[in-house]
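Chemist: 3D model of this:
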Amino acid sequence: MAYCVILAHPDPGSFNHALARAACDALSGLGREVHCYDLYAEGFDPRLPAAELGRDAPLDDALARHCAAAAAAEGFVIVHPNWWGMPPAVLTGWVDRVLRPGVAYEFVAGDGGEGVPRGLLAAKAAVVLNTSNTAAAREQSVFGDPLERIWKDCIFGLCGVSDVRRRMFETIVTSTPAQRRDWLADAATLVEQTFGPAA
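Modeler: Okay, here's the model as predicted:
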């Protein structure tokens with residue numbers, strides 16, 4: 001089984017791209033098969049059309065490949081900036097279209113969709129790497145860190161992935177090259193600790 005690294009940042013020179021590379025390198029160093037998806041580079045369409053809403057809706061080939069990879073993934077690494085306390089729209093659209101009924105979750109027999117879903121993802125763990133230009137203390141005191149709830153409770157928790165580890169790297173705009181080198185090493189260590197032999 002492979003590991004999915006999902007990257008959502010429009011600038012190829014961004015620190016998010018460096019984080020994704022560090023994660024891929026760490027997984028490869030563990031001998032893991034890695035599938036890296038740069039959503040902006042591949043032009044992933046985040047719009048969920050009405051025709052895709054049903055569990056058994058026909059999917060185009062590109063989307064079907066994303067769904068198959070997500071369903072079979074042994075682990076995930078999600079890399080994105082904090083924009084308005086949310087992931088970028090392209091990543092939210094990836095969640096909408098890929099982590100779909102029958103792929104990431106299902107409702108038990110007799111439940112019309114109003115209950116709590118049962119997670120279907122095979123992944124045992126996920127790592128979420130975020131960047132921010134808001135200091136951590138202000139993020140926590142003013143906003144309550146919505147990304148923590150989104151990934152742990154609202155997405156992966158409902159899809160059956162209980163081990164979700166997240167790291168926010170801030171403040172990007174005032175960071176030094178030395179800080180960024182340390183952060184890349186921290187990201188690699190977190191990936192190794194999460195998905196390594198002792199995990």
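
Chemist: helix, strand or coil for the spatially most central residue of the chain?
Modeler: Among the residues of the chain, Ile78 comes closest to the average C-alpha position under C-alpha atoms, centre = their mean, at 2.8 Å. For Ile78, the reduced secondary structure class is strand; criterion used: DSSP: H, G, I helix; E, B strand; the rest coil.

Chemist: thought it was touching Leu147?
Modeler: No - with the criterion set as C-beta atoms under 8 Å, Ile78 and Leu147 do not qualify as a contacting pair; they are 10.0 Å apart. All C-beta atoms are positioned from the backbone trio N, CA, C, and that covers glycine.

Chemist: Please, which helix or strand holds Leu190?
Modeler: According to DSSP states H and E, Leu190 maps onto helix 177-195.

Chemist: That helix - contacts with which helices or strands?
Modeler: Using 3 or more C-beta pairs under 8 Å, 6 or more residues apart in numbering; DSSP states H and E, the elements in contact with helix 177-195 are helix 15-29, strand 75-81, strand 125-132, strand 163-170.

Chemist: can you redo the ones you listed as CSV with mean pLDDT and distance to Asp186?
Modeler: Converted to CSV, the helices and strands packed on helix 177-195 look like this (pLDDT from 0 to 100; distance: least, C-beta to C-beta, whole Å):
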stretch, mean pLDDT, distance to Asp186
helix 15-29, 98, 9
strand 75-81, 98, 13
strand 125-132, 97, 9
strand 163-170, 96, 7
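
Chemist: Ala104: which of these is closest?
Modeler: Of all the helices and strands packed on helix 177-195, the one in closest proximity to Ala104, counting by C-beta to C-beta, is strand 75-81 (10.9 Å).

Chemist: residues contacting Cys159?
Modeler: Cys159 makes contact with 99, 104-105, 117, 119-121 under the criterion C-beta atoms under 8 Å, 6 or more residues apart in numbering.

Chemist: where in the chain is pLDDT low?
Modeler: Confidence mapping of the chain against pLDDT under 70 gives the ranges 111-113, 198-199.

Chemist: Which of the contacts of Cys159 fall within strands?
Modeler: Secondary-structure check on the contacts of Cys159 using DSSP state E: residues within strands are 105, 119.

Chemist: Which one of the contacts of Cys159 is nearest to Gly43?
Modeler: For Gly43, the closest of those turns out to be Leu99, at 19.5 Å, with distances computed as C-beta to C-beta.

Chemist: Run a quick neighbour tally on that closest one.
Modeler: Other residues lying near Leu99 total 21 when counted by other C-beta atoms under 10 Å.

Chemist: Against Lys152, how distant is it?
Modeler: 14 Å (C-beta to C-beta, to the nearest Å).

Chemist: List the backbone torsions phi and psi for Asp11.
Modeler: The phi and psi torsions at Asp11 (degrees, to the nearest 10) take the values phi -100, psi 110.

Chemist: ok, it to Tyr40 distance?
Modeler: According to C-beta to C-beta, Asp11 stands 9 Å off from Tyr40.
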